[in-house]
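**Q** Sequence unavailable; structure follows:
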Ligand code: I6G
């Protein structure tokens, strides 16, 4: 075989293999025997071995990359991956329907009432990019604007075409959907993990996420991942796709699996019936779902409806109620938080709630315990919804046997200090301050957190280790740690120690606002810390401020002012602050911070910006002295808008507030206008 013959044969084999892949993995309907398929793949591998120059990245032989990556790169989505608004009951569905009708009427359109209904898979959202039909990149949703590059892993999922099938291949295309694991795949994976004495996954979603986020694609390739496409991001092609149904049909033609439960629905009643039908059959489905999604079918109407906040107005996820299970409450223990708040936590007989084994659930506070009538030994219903902490919903009084009442301790179970409940507060607090080990761990964790001193790599386990071996008592001891001390800790290598030392060094250059926030003064959150820094510009002046003066700041009332003053009256706090400053923590006021034309200006950001994330834009504005708020009012000076703006944009126009696009905004912050 000469090279040209080899090229033609390889091309033909790829087409055949791809179409068998589609039959097998997408349609679940293989038309050839496994041995026959293997021999086709072997024939292609032989040609590619003989003529390596003929290998192309979209060849079915190239699903697994050779070398693992060392870390995930971040990727900025060209079109943001938005989230969906939720409905939890019929009333909210009705309101969604009315909103659509009203909004379309404003645009002089009449809503046809046609929706597309789909199941909402519980998996990991990804965006897969194709150029001239070839898969070029794939990224996780991340925060909707920036995700992680998982191209090497997504390529191993056999349901996802490496090259689009069929005709009308667009110049560029982004396919959006969910990477999931079936119940069957999940059971098989956990069985094999158990045999290999490796990590068992709590539910199919965790298994799918853990499998996709592997640095070594060879591991992903062994995991039973599947994919369901539910829409498109950017599309640059010749075909005019006028409805969501047409989009899904076209995605199918290009080789993507789409939920087999997808249906056209006319009117609200059809949507509600669809929800009930799917809910009744939920346990029979091959994959976990947490609700159904309804989308206005007409793309023209979708465009007219636009977006509000970070979600399309034309779609909604109608969620199934949170899963509830029955179990026995074995004990009630107390957890002590950073500010000394005592939270009662129920220790439960392990129970599986919607795929996750629950052993603890929050009881919030003593009033909740009384209101629900919870006693130790009771049988209770436990609820879990998404990532929310499980909670005890109610007691099954009919099953009550021998029980004991819970009594709030009058001293802290961790440090023994007095516990008090201040008037008007639901919580009891330990008065131990940072001499209480529990509060101390949380205080150090808060000090190191991203929005405070941002010490990357200093997590709870390490803090506990540092405290237990006597290296750290307060946050002031952190900066006295040496490389040798860190490297000598269990599970800490030289490299991690070096990275942590560097992270601590980097954290020393900070801002006054971050530093105040990091100190963890009760009720002084990020915004209050910023307001203090802006007004006083000096730590000494804040320390000296009277409560009356402090109260002149708009979000500081007598309670917070008292907390600030008391904090700086305590000698051990002053000592910690002094040691931190002596260790080299510093901040600077630039000219524009003190004398900026942004000082006192109020900004609102809306829509998705292309050159920076909204959070970056917000931080920049704050560093320049501006206020950034979430809603438009008469006091707003500027509304910065990006793509897919929502009601804030409309409100700004209505109130006559100056609106500026991203380009002008960048010129402004760069001082060019
Ligand atoms: O997160 C999602 C899951 C399923 C979606 C979605 C979906 O359709 C079945 N559709 C859209 C438009 C968005 N998120 C933004």
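**A** Now that the structure is in, tell me what you want to look at. Since the model is a prediction, treat every value here as computed from it, not as a measurement.

**Q** what packs against the one helix or strand residue 17 maps to?
**A** If you go by DSSP states H and E, residue 17 is part of helix 3-21. Helices and strands touching helix 3-21, by 3 or more Cβ pairs under 8 Å, 6 or more residues apart in numbering; DSSP states H and E, are helix 34-50. C-beta: built from backbone N, CA, C; applies to glycine.

**Q** Same question for the helix it packs on: list its buried residues.
**A** The neighbour-count check on helix 34-50 (16 or more other Cβ atoms under 10 Å) flags 37, 40-41, 44, 47-48 as buried.

**Q** Look up phi and psi at residue 631.
**A** When read as degrees, to the nearest 10, the backbone of residue 631 gives phi -130, psi 150.

**Q** quick revisit: can you pull the buried residues of the helix holding residue 17?
**A** Per 16+ other Cβ under 10 Å, helix 3-21 contains these buried residues: 6, 9-10, 13-14, 16-18, 20-21.

**Q** same check, this time on stretch 447-467
**A** Quick answer for stretch 447-467 (16+ other Cβ under 10 Å): 447-448, 452-453, 455, 458, 462-463, 465-467.

**Q** cool, stretch 563-575 as well?
**A** 563-565, 567-568, 573.

**Q** same question, stretch 408-426
**A** Here stretch 408-426 shows 412, 414-415, 417, 419 as buried, counting by 16+ other Cβ under 10 Å.

**Q** State the distance from residue 583 to the ligand.
**A** Separation of residue 583 from the ligand (Cβ to the nearest ligand atom, to the nearest Å): 45 Å.

**Q** Thought residue 477 was touching that residue, still the case?
**A** No - under the criterion of Cβ atoms under 8 Å, residue 583 is not in contact with residue 477, lying 9.6 Å apart.

**Q** sec struct for residue 175, please.
**A** Three-state call for residue 175 (DSSP: H, G, I helix; E, B strand; the rest coil): strand.

**Q** Let's see which of the buried residues of stretch 563-575 end up in helices.
**A** The helices, defined by DSSP state H, take in 563-565, 567-568, 573 from the buried residues of stretch 563-575.

**Q** Looking at the buried residues of stretch 447-467, point me to the pair that's furthest apart.
**A** By the measure Cβ to Cβ, 452 and 465 form the most distant pair in these, at 20.3 Å.

**Q** roughly how far out does stretch 84-103 sit from the chain middle?
**A** Its chain's C-alpha centre and that of stretch 84-103 lie 24 Å apart, by Cα atoms, centre = their mean, to the nearest Å.

**Q** Looking only at the helix or strand that contains residue 445, what residues are buried by neighbour count?
**A** Using DSSP H and E, residue 445 falls within helix 437-448. Neighbour counts over helix 437-448 (16+ other Cβ under 10 Å) mark 437-448 as buried.

**Q** just for the stretch 251-400 of the chain, where's the confidence low?
**A** 309, 355, 385-388 (pLDDT under 70).

**Q** Flag every residue of it that's near the ligand.
**A** Contacts of the stretch 251-400 of the chain with the ligand, taken as Cβ under 6 Å from any ligand atom, map to 293, 312, 315.

**Q** follow-up on the earlier one: could you export the buried residues of helix 437-448 as JSON lines, including pLDDT and distance to residue 652?
**A** Listed next are the buried residues of helix 437-448 as JSON lines, based on pLDDT from 0 to 100; distance: Cβ to Cβ, whole Å:
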{"residue": "437", "pLDDT": "89", "distance to residue 652": "50"}
{"residue": "438", "pLDDT": "92", "distance to residue 652": "46"}
{"residue": "439", "pLDDT": "93", "distance to residue 652": "44"}
{"residue": "440", "pLDDT": "91", "distance to residue 652": "46"}
{"residue": "441", "pLDDT": "94", "distance to residue 652": "45"}
{"residue": "442", "pLDDT": "93", "distance to residue 652": "40"}
{"residue": "443", "pLDDT": "93", "distance to residue 652": "41"}
{"residue": "444", "pLDDT": "95", "distance to residue 652": "43"}
{"residue": "445", "pLDDT": "95", "distance to residue 652": "39"}
{"residue": "446", "pLDDT": "95", "distance to residue 652": "36"}
{"residue": "447", "pLDDT": "96", "distance to residue 652": "38"}
{"residue": "448", "pLDDT": "95", "distance to residue 652": "38"}
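
**Q** Please, where are all the strands along the stretch 501-650 of the chain?
**A** 509-510, 586-587, 602-606, 627-629, 638-641 (DSSP state E, counting those that start in this stretch).

**Q** mind listing what the longest one pairs with, with the direction of each?
**A** Take DSSP bridges as the rule and strand 602-606 pairs in its sheet with strand 627-629 (parallel), strand 638-641 (parallel).

**Q** Take the buried residues of helix 437-448 and lay them out in TSV including distance to the ligand.
**A** Formatted as TSV, those follow (distance: Cβ to the nearest ligand atom, whole Å):
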residue	distance to the ligand
437	42
438	38
439	39
440	40
441	36
442	33
443	37
444	36
445	31
446	32
447	35
448	32
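
**Q** Residues of this structure that sit close to the ligand?
**A** Counting by Cβ under 6 Å from any ligand atom, the chain sits next to the ligand at 82, 84, 118, 120, 125, 230-231, 293, 312, 315.

**Q** Quick one: residues contacting the nearest residue to residue 646 once chain neighbours are set aside.
**A** If the residues on either side of it in the chain are set aside, residue 646 comes closest to residue 308, at 3.9 Å by Cβ to Cβ, 6 or more residues apart in numbering. The contact partners of residue 308, taken as Cβ atoms under 8 Å, 6 or more residues apart in numbering, are 85, 646-647.

**Q** repeat for residue 82
**A** 144, 307, 310-312, 644.

**Q** cool, and residue 493?
**A** Contacts of residue 493 by Cβ under 8 Å, 6+ apart are residue 487.

**Q** Lowest mean pLDDT among the helices and strands of this structure, which one is it?
**A** Across the helices and strands of the chain, mean pLDDT, DSSP states H and E gives its lowest value to helix 591-594, namely a mean of 42.

**Q** and the gap between residue 39 and the ligand?
**A** Remark: distance between residue 39 and the ligand (Cβ to the nearest ligand atom) = 39 Å.

**Q** What's the separation between the closest residue to residue 521 other than its chain neighbours and residue 539?
**A** Leaving aside its sequence neighbours, residue 521 sits nearest to residue 567 (Cβ to Cβ, 6+ apart; 4.5 Å). Going from residue 567 to residue 539 by Cβ to Cβ, to the nearest Å gives 12 Å.

**Q** which of the contacts of residue 82 lies closest to the ligand?
**A** residue 312 (5.5 Å; Cβ to the nearest ligand atom).

**Q** Residue 153: what's it in contact with?
**A** Neighbours of residue 153 in contact, by Cβ under 8 Å, 6+ apart: 138, 211-214, 217, 220.
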